[in-house]
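Visitor: 3D, please:
(one chain, ligands or ions: 1)
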Amino acid sequence: MFDRVFVNAVDADGNPLNLAVREGRFAAIGPERPAIGGAEVVDLAGHLVLPGFVDGHIHLDKSFVGDRWRPHRHVTSLRERLAIEKQELASAGPIVERADALIRQAASFGTIAMRSHVDVDATTGLTNLHAVMEAREKWRGVVDIELVAFPQAGVVSCPGTAEVLDAAAREGAQVVGGIDPTTLDGDADGQLDIVFGIAEKRGVKIDIHLHEPEQQGIDQLHRIASRTRAAGLNGRVSVSHAYGLGDVAPEVVDRIAAALAEAGVSIMTNAPGDRAFPPILQLRAAGVRVFTGNDNIQDAWWPYGNGDMLQRAMLVGYRSGFYTDEELGVALHMATEAGAAVLGKSGYGLKVGNEATFVVVKAPNAAAAVAAVPADRAIVRSGQFWGESSRVQFKVTAAGVGSAG
Ligand SMILES: [Zn+2]
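Guide: Prediction:
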């Protein structure tokens, strides 16, 4: 009655878990070993099973993964960083190849969905977007990739960008981006009018990079929350970074958190290494959805990262002072369920009827996996081992030779 049965695994809490698969979907999941019948049996040797990872914030067009290593260069301004980035990228391999290399690397760690911001401005036009779309096509059915038209150089301050953002949404970007409406554009309402206008006209979601500090960042979040409420975009607007939330007093966070929760605005943090960032538990307690992503990976912005969302969950926990199993579970939730909800990924997770896709990790439970980020893992997609090293670690009994019962 099943095609394949994965036995002797453990769930996030370390309890026994067995998974039966039929036609690529979960047909039974639970602590009891299902009737094997004539199914192939895979002994997962006590390893942990997790749902596939979701990278809620990546930049597939910027990374040098798949290209040569580029030593980081210090700058004194954002404009200088943008100029260096353009210069470095001009001598790098084609975007479609670098994006492909990074998607492959992320997939090999167990990522099954991602939201990629892609630079769009008046000079690059839709070139980067088209290249990332081409790379995405190759991974259709393996990694779901949602694209954000990202105005890296500003919107109002970069004439022509508004039209290109609109064109990107028309051509299939599912999300329209924004960036630091006050500090970069000097015209918060001007930028937000354009971004929310495109979202309403094209029916796309919104994800705004917000690095603005302290009260300035909080004011911007209030502006975004009230516009989200007014436009009826509950659940369709995200703010990435929202650094200001890490700068202000807890009672200020409480007030803005209530507004974000009511408006249905999600917050993405990658737990940056050198910057205060949002207090995750406080936001969640107020009902705000908080998710995570790798953001920049080995690019002109910073040299760190490899695309592994389990490592990102560890960094979120490490920087947040998460020690208990429950707290480590929060970091994992941000890299799985919360990201999947933001992306609107249907049929996600370890549930009967869903696609039988999961990650097997050599760890006794989810907390231990987040804390130690084991390299030993295997990826199962639609009930089949995926990738080169996945299958060798487990004992497989061919169909028909297992005993019934
Ligand atoms: Zn970013």
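Visitor: CA atoms for contacts and neighbours, from now on please.
Guide: Noted.
Visitor: In the helix or strand harbouring residue 163, which residues are buried?
Guide: Assessed by DSSP states H and E, residue 163 sits inside helix 161-170. Residues 161, 162, 164, 165, 166, 167, 168, 169 are the ones in helix 161-170 that count as buried (16 or more other CA atoms under 10 Å).
Visitor: try stretch 57-71
Guide: For stretch 57-71, a neighbour-count test (16+ other CA under 10 Å) marks 57, 58, 59, 60, 61, 62, 63, 64, 65, 66 as buried.
Visitor: With pLDDT, distance to residue 41 and secondary structure added, can I get these in TSV?
Guide: Shown next, in TSV, are the buried residues of stretch 57-71 (pLDDT from 0 to 100; distance: CA to CA, whole Å; DSSP: H, G, I helix; E, B strand; the rest coil):
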residue	pLDDT	distance to residue 41	secondary structure
57	98	37	strand
58	98	37	strand
59	98	39	coil
60	98	38	coil
61	97	41	coil
62	96	42	coil
63	97	40	coil
64	97	41	coil
65	96	37	coil
66	93	37	coil
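Visitor: Among those residues, give me the pair with the biggest separation.
Guide: Greatest spatial distance in the buried residues of stretch 57-71: 57 and 66, 19.1 Å, computed using CA to CA.
Visitor: all strands of the stretch 151-300 of the chain, in order?
Guide: With DSSP state E, counting those that start in this stretch, the ranges of strands along the stretch 151-300 of the chain come out as 175-179, 205-209, 237-240, 265-268, 290-291.
Visitor: which of the buried residues of stretch 57-71 lies closest to residue 341?
Guide: Nearest member of the buried residues of stretch 57-71 to residue 341, counting by CA to CA, is residue 57, at 13.5 Å.
Visitor: tell me the mean pLDDT over the top strand by length along the chain?
Guide: As assigned by DSSP state E, the longest strand anywhere in the chain is strand 111-119. On average, the pLDDT along strand 111-119 is 98.
Visitor: Using PDB, list the CA coordinates for it.
Guide: Provided in PDB are the C-alpha atoms of strand 111-119 (Å, rounded to 0.1, in the frame of the first residue of the first chain):
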ATOM      1  CA  THR A 111      16.500  24.600   1.000                       C
ATOM      2  CA  ILE A 112      13.300  24.000  -1.000                       C
ATOM      3  CA  ALA A 113      12.000  27.600  -1.400                       C
ATOM      4  CA  MET A 114      13.400  31.100  -1.400                       C
ATOM      5  CA  ARG A 115      12.600  34.700  -1.900                       C
ATOM      6  CA  SER A 116      15.200  36.400  -4.000                       C
ATOM      7  CA  HIS A 117      15.600  40.200  -4.200                       C
ATOM      8  CA  VAL A 118      16.900  41.200  -7.600                       C
ATOM      9  CA  ASP A 119      18.300  44.600  -8.500                       C
END
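Visitor: Tell me which residues are up against that strand.
Guide: Residues outside strand 111-119 that contact it (CA atoms under 8 Å, 6 or more residues apart in numbering): 52-61, 128-129, 132, 142-152, 177, 308-309, 340, 343.
Visitor: Also stretch 265-272?
Guide: Against stretch 265-272 from outside (CA under 8 Å, 6+ apart): 56-57, 225, 228, 234-242, 260, 277-278, 288-295, 312, 315-316, 319-320, 342.
Visitor: Tabulate the strands of the stretch 151-300 of the chain (TSV), appending distance to residue 5.
Guide: As requested, these are arranged in TSV below (distance: least, CA to CA, whole Å):
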stretch	distance to residue 5
strand 175-179	39
strand 205-209	39
strand 237-240	39
strand 265-268	36
strand 290-291	32
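Visitor: and those as a markdown table, adding mean neighbour count?
Guide: Shown next, in a markdown table, are the strands of the stretch 151-300 of the chain (neighbours: other CA atoms under 10 Å):
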| stretch | mean neighbour count |
| --- | --- |
| strand 175-179 | 28 |
| strand 205-209 | 24 |
| strand 237-240 | 26 |
| strand 265-268 | 26 |
| strand 290-291 | 29 |
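Visitor: how about these, which one is nearest residue 350?
Guide: Per CA to CA, nearest to residue 350 of those: strand 290-291, 18.9 Å.
Visitor: ok now the following helix or strand past that closest one, how far from the chain's centre?
Guide: For strand 290-291, the succeeding helix or strand toward the C-terminus, using DSSP H and E, is helix 309-320. For helix 309-320, the separation from the chain centroid amounts to 13 Å (computed by CA atoms, centre = their mean, to the nearest Å).
Visitor: helices and strands around the helix or strand following helix 309-320, which ones?
Guide: Later in the chain than helix 309-320, the nearest helix or strand by DSSP H and E is helix 325-334. Under the contact definition 3 or more CA pairs under 8 Å, 6 or more residues apart in numbering; DSSP states H and E, helix 325-334 sits against strand 290-291, helix 309-320, helix 366-372.
Visitor: now the ones you listed as a markdown table including distance to residue 221 and mean pLDDT?
Guide: What follows is the helices and strands packed on helix 325-334, written out as a markdown table (distance: least, CA to CA, whole Å; pLDDT from 0 to 100):
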| stretch | distance to residue 221 | mean pLDDT |
| --- | --- | --- |
| strand 290-291 | 14 | 98 |
| helix 309-320 | 21 | 98 |
| helix 366-372 | 30 | 98 |
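Visitor: Tell me which of those sits most buried.
Guide: Most buried of those by mean neighbour count (mean count of other CA atoms under 10 Å) is strand 290-291; its value is a mean of 29.
Visitor: Packing partners of it?
Guide: strand 265-268, helix 280-285, helix 325-334, helix 337-343.
Visitor: The longest helix along the chain relative to strand 205-209, how many degrees between them?
Guide: For the chain, the longest helix by residue count, based on DSSP state H, is helix 214-231. Put simply, helix 214-231 runs at 170 degrees to strand 205-209, going by axes from the mean of the first three to the mean of the last three CA atoms, to 10 degrees.
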